[in-house]
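Enquirer: Requesting a structural model of the entry that follows:
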Amino acid sequence: MVKVLFICHGNICRSPMAEYIMKDILEKRGLQDRYEVASAATSTEEIWRGMGNPIYPPAQAELRKHGIGQTAYTDFQGKRARQVTRADYEYYDYILCAETVNVKNVLRITGPDTEGKVRRLLEDSACPRDIADPWYTGDFGATYRDIVEGVENFLQSMHE
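Expert: Here you go, the predicted structure:
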């Protein structure tokens with residue numbers, strides 16, 4: 001089983017969107033048994049007294065707009081923000097970050113990337129780039145499209 005962890009700053013917009021977009025794609029292709037997919041934050045800003053905040057409502061709305069969240073596998077209602085840990089580095093095969101600063105912060109938490117697991121989600125796309133944070137841009141549609149591009153490229157690389 002391939003274990004994938006998506007990372008963003010707060011784990012309420014980009015990384016949970018990536019988690020559930022990938023789950024949706026996997027389920028539609030009948031590949032959900034081959035992957036374990038999760039998401040986490042580099043910061044604790046969205047975690048209060050040990051309880052993480054849910055996915056930001058506009059991010060939830062964007063997922064629903066694309067039919068994501070209607071099955072048990074893609075149901076995101078119980079998703080809560082959590083911070084990445086050093087143990088996550090050992091557990092996951094791939095740690096895919098929304099932007100360059102996330103990569104730096106993951107390595108600050110987990111230590112050196114001795115196994116080459118940590119990279120940006122769009123690193124290997126035709127146009128390598130960061131995924132803009134919709135918390136600031138308000139453009140959840142652009143974030144959705146960027147994540148789909150990154151997930152599709154990742155899955156293609158896994159099945160070549």
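Enquirer: Tell me the gap between stretch 82-98 and the middle of its chain.
Expert: With Cα atoms, centre = their mean, to the nearest Å as the basis, stretch 82-98 stands 10 Å off its chain's centre.
Enquirer: any weak-confidence spans in this protein?
Expert: 160 (pLDDT under 70).
Enquirer: need the strands for the protein, in chain order.
Expert: For the chain, the strands defined by DSSP state E occupy 2-8, 35-41, 47-48, 51-52, 94-97, 118-120.
Enquirer: Dump those strands to TSV, plus mean neighbour count.
Expert: The C-beta positions use only the backbone N, C-alpha and C, and glycine is treated the same way. Listed next are the strands of the chain as TSV, based on neighbours: other Cβ atoms under 10 Å:
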stretch	mean neighbour count
strand 2-8	23
strand 35-41	21
strand 47-48	14
strand 51-52	15
strand 94-97	25
strand 118-120	20
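Enquirer: Now distance to Thr71 too, for those strands, in a markdown table please.
Expert: What follows is the strands of the chain, written out as a markdown table (distance: least, Cβ to Cβ, whole Å):
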| stretch | distance to Thr71 |
| --- | --- |
| strand 2-8 | 19 |
| strand 35-41 | 14 |
| strand 47-48 | 27 |
| strand 51-52 | 23 |
| strand 94-97 | 23 |
| strand 118-120 | 28 |
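Enquirer: Can I get the top helix by length along the chain in PDB? Just the C-alpha atoms.
Expert: In the chain, assigned by DSSP state H, the helix with the most residues is helix 140-158. Extracted C-alpha coordinates of helix 140-158, given in PDB (Å, rounded to 0.1, in the frame of the first residue of the first chain):
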ATOM      1  CA  PHE A 140     -11.100  27.900  -4.200                       C
ATOM      2  CA  GLY A 141     -11.800  26.900  -7.800                       C
ATOM      3  CA  ALA A 142      -8.200  27.700  -8.800                       C
ATOM      4  CA  THR A 143      -6.900  25.700  -5.800                       C
ATOM      5  CA  TYR A 144      -9.200  22.800  -6.800                       C
ATOM      6  CA  ARG A 145      -7.800  22.800 -10.400                       C
ATOM      7  CA  ASP A 146      -4.200  23.000  -9.200                       C
ATOM      8  CA  ILE A 147      -4.700  20.100  -6.800                       C
ATOM      9  CA  VAL A 148      -6.400  17.900  -9.500                       C
ATOM     10  CA  GLU A 149      -3.500  18.600 -11.800                       C
ATOM     11  CA  GLY A 150      -1.000  17.600  -9.100                       C
ATOM     12  CA  VAL A 151      -2.800  14.500  -8.000                       C
ATOM     13  CA  GLU A 152      -3.300  13.300 -11.600                       C
ATOM     14  CA  ASN A 153       0.400  13.800 -12.300                       C
ATOM     15  CA  PHE A 154       1.300  12.000  -9.100                       C
ATOM     16  CA  LEU A 155      -1.000   9.000  -9.900                       C
ATOM     17  CA  GLN A 156       0.300   8.900 -13.500                       C
ATOM     18  CA  SER A 157       3.900   8.700 -12.200                       C
ATOM     19  CA  MET A 158       2.900   5.900  -9.900                       C
END
